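J.: fold the stuff below for me.
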Amino acid sequence: QLQPVESGGGLVQPGGSLRLSCAASGFTRDGYAIAWFRQAPGKEREGVACISRIGTSTRYADSVKGRATVSRDNARNTVSLEMNNLEPEDTARYYCAAEPLYEHCSLTDQIYTYWGQGTQVTVSP
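T.: Residues are numbered from 1 along each chain as shown. Model (predicted):
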């Protein structure tokens, strides 16, 4: 069973940058679309960015558009989310999710079957 594992979270100052990674064996072999979600305390889970199985299609939430870049390295079975100009509102637990979608990806959480445990990102002075 596919088990995504996130890494790269931590404490970042406002205006800073970070790079989150999601890894799992089988990402490439079985053709999974990968999405990043986040959830802050007391808030609903929000889709942040996603990338299709071969990396030709990406989507971003309006809240991160222009500040985030999602990419994948299929040779290493990893997907990365790079975020710049971080704001306190970006503070949340970030989750990686995977689903064997054929062409595109989605920011709808109900679509995804496989989820990681998440990594905490805190943006604070």
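J.: if I pick the spatially closest residue to Thr58 that is not a sequence neighbour, what's in contact with it?
T.: Taking C-beta to C-beta, 6 or more residues apart in numbering, and ignoring the residues beside it in sequence, Thr58 has Ile51 as its nearest neighbour in space, at 5.0 Å. For glycine as for every other residue, the C-beta is placed from the backbone atoms N, C-alpha and C. Residues near Ile51 by C-beta atoms under 8 Å, 6 or more residues apart in numbering: 33-35, 57-58, 70-72, 79, 105.
J.: so which strand or helix has the residue most central in space within the chain?
T.: For the chain, the residue sitting closest to the mean C-alpha position, by C-alpha atoms, centre = their mean, is Trp36 at 2.3 Å. Using DSSP states H and E, Trp36 sits within strand 33-39.
J.: for Ile54, same thing?
T.: Using DSSP H and E, Ile54 falls within no helix or strand.
J.: for it, what are its contacts?
T.: Residues in contact with Ile54 (C-beta under 8 Å, 6+ apart) are 31, 74.
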